[in-house]
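Visitor: Provide a 3D model corresponding to the input given below.
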Amino acid sequence: MARTYVGKDETKNTFQKAVEGESELRGKAVVEYNSALGIKKYRYLYNAWTASRAAALPCCYDISNATYPGGVVVTQPTTGNLGHFAGVHAESVTSGAWGWVQVEGYHSAVPTRTYGSTSGTAAAALDYLSTPETGVDALCCKSATICVTATGCPVTLGMGYAIRLASQQSHGTSTTTSAAAVYIHGFIVP
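Guide: As a prediction, this is how the structure comes out:
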């Protein structure tokens, strides 16, 4: 079946949807190359979370989903899936709908959380980031001196991760986030 271009439209900076045969896209990947930003990979995944998800919010695979098995379902980070970081939503997607998720490459503005507790120490560039505790819509630094278990950061880094590309000052509260440039590498990259 012949297809028209389905993927990111750089002139509009939005994603186009397939009108016919959208079911053929489920779980599929699109690779985008930009001479300044490198390669980015996206997958068309199902949002199983009970609420809509905004662009740039992190998501994790729901490996145990029986409706759509095979690593095509994402949800908000929860206790059971923190080690299955998928990437970040490339567009806003409603609950129970399919949408594009960036699973690899550079992203200029992902919500991150750097809570320095009493140290106030800035997070360094090239820190590994991972999904935070259940229900937090930001990536968290892995450094034990910046984010510690008591402030909600995980103690293990799963197979998926992101890397902070610039230093970031710590916040005075554990719930404050900032948009940061990161390199994303999801748990399942096609």
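Visitor: Kindly export the longest strand seen in the chain (C-alpha atoms) in PDB.
Guide: Scanning the chain for the strand with the most residues, using DSSP state E, yields strand 98-113. Coordinates of the C-alpha atoms in strand 98-113 are reproduced here as PDB (Å, rounded to 0.1, in the frame of the first residue of the first chain):
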ATOM      1  CA  TRP A  98      -1.900   6.500  20.200                       C
ATOM      2  CA  GLY A  99       0.800   9.200  19.800                       C
ATOM      3  CA  TRP A 100       4.400   9.800  19.000                       C
ATOM      4  CA  VAL A 101       7.100   9.300  21.700                       C
ATOM      5  CA  GLN A 102      10.700  10.400  21.300                       C
ATOM      6  CA  VAL A 103      12.700   7.300  22.200                       C
ATOM      7  CA  GLU A 104      16.200   8.400  21.200                       C
ATOM      8  CA  GLY A 105      18.100  11.600  20.500                       C
ATOM      9  CA  TYR A 106      18.500  15.200  21.600                       C
ATOM     10  CA  HIS A 107      15.500  17.100  23.200                       C
ATOM     11  CA  SER A 108      15.900  20.800  24.100                       C
ATOM     12  CA  ALA A 109      13.400  21.100  27.000                       C
ATOM     13  CA  VAL A 110      12.400  18.100  29.100                       C
ATOM     14  CA  PRO A 111      11.200  18.700  32.700                       C
ATOM     15  CA  THR A 112      13.900  17.700  35.100                       C
ATOM     16  CA  ARG A 113      14.200  17.900  38.900                       C
END
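Visitor: So which elements touch the next helix or strand along the chain from that strand?
Guide: Following strand 98-113 in sequence order, the next helix or strand is strand 128-130 (DSSP states H and E). Other elements packing on strand 128-130 under the criterion 3 or more Cβ pairs under 8 Å, 6 or more residues apart in numbering; DSSP states H and E are strand 139-141, strand 161-164. In short, each C-beta sits where N, CA and C put it, glycine included.
Visitor: before we move on, back to that, give me the mean pLDDT for the longest strand of the chain.
Guide: Model confidence over strand 98-113, given as mean pLDDT, is 93.
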